[in-house]
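In: What follows is a predicted protein model with its sequence.
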Amino acid sequence: MKILENKIKFLLNLLLILIPAAFILGNAVLNITVLLFDILFLVVFFSTNAKKLKLGTNKLVIIFTLIFLTINLLFSINYLETLYANLGIARYLIFVYSITWLSKNKIINIEIFFKSTFFIYIFVFFDSLLQYIFGKDIFGYETIGSHPVRLSGPFGDEAVAGAYLAKMIFIYLFSLVFIFKKKNVVKYISILGIIILILLTQERSALIMAITSCALYVFFDNTIKSKYKTLGFIFLFVLVASLISSKKFSSHYFDRTLEQIGFSKNPAFFKHSNFLDSQWGAHFLTSVEIFKNYPLTGSGLKTFQFECSKSDYEKINSVSKDKRCGTHPHNIFLEVLSDAGIILFVIYLFFLINILKKILSIDISKKYFLLANFFILFWPIQTTGSIFQTWNGFFFVYFFILLFNYKKIGSN
């Protein structure tokens, strides 16, 4: 029996090392790896003296959430898609809880998870940099498009290297400071290098969120002297000024953005009077109308792509109404509102408020890493991936694993 326990313990730690790599290898690999980890955890959990699952002080919130997720499933316009979304949520909830429980019981070493993530992050950075310099990465993946040239790095035909680097930046920095014990100079050189590479990926939303979150982090970070903060903000100003003066980048980052929010002088965009006339604006308006049609329970998780094509939504006040459909509304708040309805949306807001309170109560040395990460993921005024999709959803998994286990990381 002891031999079997040791083998399971070994497999759990091995999977923990592999999961960060699975994250960049694709949804199928990630799903299989996380599922195997969850199964092994359940075997360990129910074979021990764990009599009951401790849900903490938010037990009622969890119970009500499960009840309304069930109601959402029953009233969904596409039962199978919503069922799949619920199973995906369950998979990730088990995974976050499993890492916390296994680490607490000294079955896994949680630091190896963040060490593996740290090195995978560095790999994605340099692989994407090589792709920018040579036109191909080490796997032979070429850059995407020509005007502008987009970087995919190891993600193949998906131009998401910038999104990965932006959303994982504070996971990387947390590991850099608390596991590898690097000083401020390394931390801030890393921040500058990452922001510059995200700029080169041509991902506007990723760049905006990375610059904003890093600026907030630098502003609140009390481990760095004011004069160095000033130098950092001067560099940021110079970077923005360089963008404006460079035709290559200004046309993409500024002109195109202004066109989409209704400040264009380009005749091709003469119909766009404001952001709501853009494709993303049409997504937003459609999600609001879906919520109006299904105010209590929503249309069902992951059903936006099926509901948006109905003729009811052809009347939205946007010149891009014919482009209103997509797999999701491109904003997680509107996605929860339209897919899940007002009740789950309120529970979601209550949950976020509690998370924010928890972060603000954390020791100051670790607080601002988590706060900046929270800002990147949950800032409401941004275009986002779907919170219910495997790849994008895993960024939230990382955040909650760090939030629930930050005390154990770098404590030795």
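Out: Okay, I see it. Numbers count the residues shown, from 1 in each chain.

In: check which helix or strand covers residue 296.
Out: Using DSSP states H and E, residue 296 is not contained in any helix or strand.

In: quick one: it from residue 24, how far?
Out: 39 Å (CB to CB, to the nearest Å). (Each C-beta comes from the backbone N, C-alpha and C, glycine too.)

In: what about the two, which has more around it?
Out: Here residue 296 and residue 24 are compared on neighbour count by other CB atoms under 10 Å; more neighbours surround residue 24, at 21 against 14.

In: quick one, what contacts the nearest residue to the more buried one once chain neighbours are set aside?
Out: Residue nearest to residue 24 in three dimensions, not counting chain neighbours: residue 154, with 5.2 Å by CB to CB, 6 or more residues apart in numbering. Residue 154 makes contacts with 24, 123, 124, 127, 128, 137, 138, 139, 141, 161, as judged by CB atoms under 8 Å, 6 or more residues apart in numbering.

In: Next secondary structure element downstream of the helix or strand hosting residue 165?
Out: Using DSSP H and E, residue 165 sits in helix 161-167. Using DSSP H and E, the helix or strand that follows helix 161-167 towards the C-terminus is helix 169-178.

In: Return the distance of that following helix from the chain's centre.
Out: 16 Å (CA atoms, centre = their mean, to the nearest Å).

In: before we move on, the earlier item: I'd like the contacts of residue 154 as JSON lines, with secondary structure appended.
Out: Putting the contacts of residue 154 into JSON lines (DSSP: H, G, I helix; E, B strand; the rest coil) gives the following:
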{"residue": "24", "secondary structure": "helix"}
{"residue": "123", "secondary structure": "helix"}
{"residue": "124", "secondary structure": "helix"}
{"residue": "127", "secondary structure": "helix"}
{"residue": "128", "secondary structure": "helix"}
{"residue": "137", "secondary structure": "coil"}
{"residue": "138", "secondary structure": "coil"}
{"residue": "139", "secondary structure": "coil"}
{"residue": "141", "secondary structure": "coil"}
{"residue": "161", "secondary structure": "helix"}
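
In: Within the helices and strands, which one has residue 119?
Out: Using DSSP H and E, residue 119 falls in helix 110-134.

In: Which strands or helices does that helix pack on?
Out: helix 2-25, helix 79-104, helix 161-167, helix 169-178, helix 184-201, helix 390-405 (3 or more CB pairs under 8 Å, 6 or more residues apart in numbering; DSSP states H and E).

In: Check what pLDDT residue 142 gets.
Out: pLDDT for residue 142: 92.

In: roughly how far apart are it and residue 29?
Out: Counting by CB to CB, the gap from residue 142 to residue 29 is 22 Å.

In: what does residue 367 give?
Out: Taken as CB to CB, the span from residue 367 to residue 29 is 34 Å.

In: what comes up buried for the helix holding residue 119?
Out: For helix 110-134, a neighbour-count test (16 or more other CB atoms under 10 Å) marks 110-111, 113-118, 120-121, 123-125, 127-129, 131-132 as buried.

In: What about residue 383, how many residues nearby?
Out: Residue 383 has 17 nearby residues by other CB under 10 Å.

In: For it, which three-state class applies?
Out: Applying three-state DSSP: residue 383 is coil.

In: residues in contact with it?
Out: If you count contacts by CB under 8 Å, 6+ apart, then residue 383 has 205, 280, 330, 331 around it.

In: Name the nearest residue to residue 95, sequence neighbours excluded.
Out: residue 34 (5.4 Å).

In: what does residue 307 give?
Out: Using CB to CB, 6+ apart, the nearest residue to residue 307 is residue 299, at 4.6 Å.

In: how about low-confidence regions in this structure?
Out: Under the criterion pLDDT under 70, the flagged ranges of the chain are 1-4, 49-62, 146-147, 240, 243-273, 411-412.

In: What is the burial count for the residue nearest to residue 95?
Out: Quick note: residue 34 (other CB under 10 Å) scores 23 neighbours.

In: The nearest residue to residue 102 once chain neighbours are set aside and residue 295: what is the separation?
Out: Using CB to CB, 6+ apart and skipping the chain neighbours, the partner closest in space to residue 102 is residue 108 (4.4 Å). From residue 108 over to residue 295 the distance is 43 Å, taken as CB to CB.

In: Those two - which one has more neighbours?
Out: residue 108 (22 against 13).

In: Mind checking what secondary structure the more buried one has?
Out: coil.

In: OK, contacts around it?
Out: 9, 12, 13, 16, 99, 102.

In: Would you point out the most distant pair within the residues you listed?
Out: 9 and 99 (13.8 Å; CB to CB).

In: With neighbour numbers in mind, choose between these two.
Out: Shown here are residue 9 and residue 99; by other CB under 10 Å, residue 99 has more neighbours (23 against 16).

In: Much appreciated, bye for now.
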